[in-house]
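Undergrad: need a structure here:
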Amino acid sequence: EFDQFMTCFEDLSNELLCEVFDYLDGHGGLYKAFSNLNSRFEELDYQY
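TA: Numbers count the residues shown, from 1 in each chain. As a prediction, the model looks like this:
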């Protein structure tokens, strides 16, 4: 039996999210679009 697992965006570690946002940094402030999503992303925005 094959079990499918779905990873939610919020399941990713802070370090991995920062790497993703570093990679996508040239896409017109994509990171800033997430900054007010919740307190975790606000904290990442502060650290970034």
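
Undergrad: For the residue nearest to the spatial centre of the chain, which non-adjacent residue is closest in space?
TA: When the chain is reduced to its mean C-alpha position, the nearest residue by C-alpha atoms, centre = their mean turns out to be Leu17, at 3.9 Å. The shortest distance from Leu17 to any residue that is not its chain neighbour, by C-beta to C-beta, 6 or more residues apart in numbering, is 6.3 Å, and that residue is Leu44. All C-beta atoms are positioned from the backbone trio N, CA, C, and that covers glycine.

Undergrad: which stretches of the protein have low pLDDT?
TA: Scanning the chain for pLDDT under 70 picks out 1-3, 26-31, 35, 45-48.

Undergrad: Now with 50, please.
TA: Counting by pLDDT under 50, the chain contains no low-confidence range.

Undergrad: now the helices for it?
TA: In the chain, the segments counted as helices under DSSP state H are 14-23, 30-34, 39-47.

Undergrad: Phe5 is nearest to which of these?
TA: When these are ranked by proximity to Phe5, the top entry is helix 14-23, at 16.0 Å, counting by C-beta to C-beta.

Undergrad: still on that earlier bit, what separation do you get for the residue nearest to the centre of the chain and Glu43?
TA: If you measure Leu17 against Glu43 using C-beta to C-beta, to the nearest Å, the figure is 11 Å.

Undergrad: list residues touching both of these two?
TA: Common contact partners of Leu17 and Glu43 (C-beta atoms under 8 Å, 6 or more residues apart in numbering): none.

Undergrad: and the residue nearest to Leu17, how many neighbours?
TA: Leu44 is surrounded by 17 other residues when neighbours are defined as other C-beta atoms under 10 Å.
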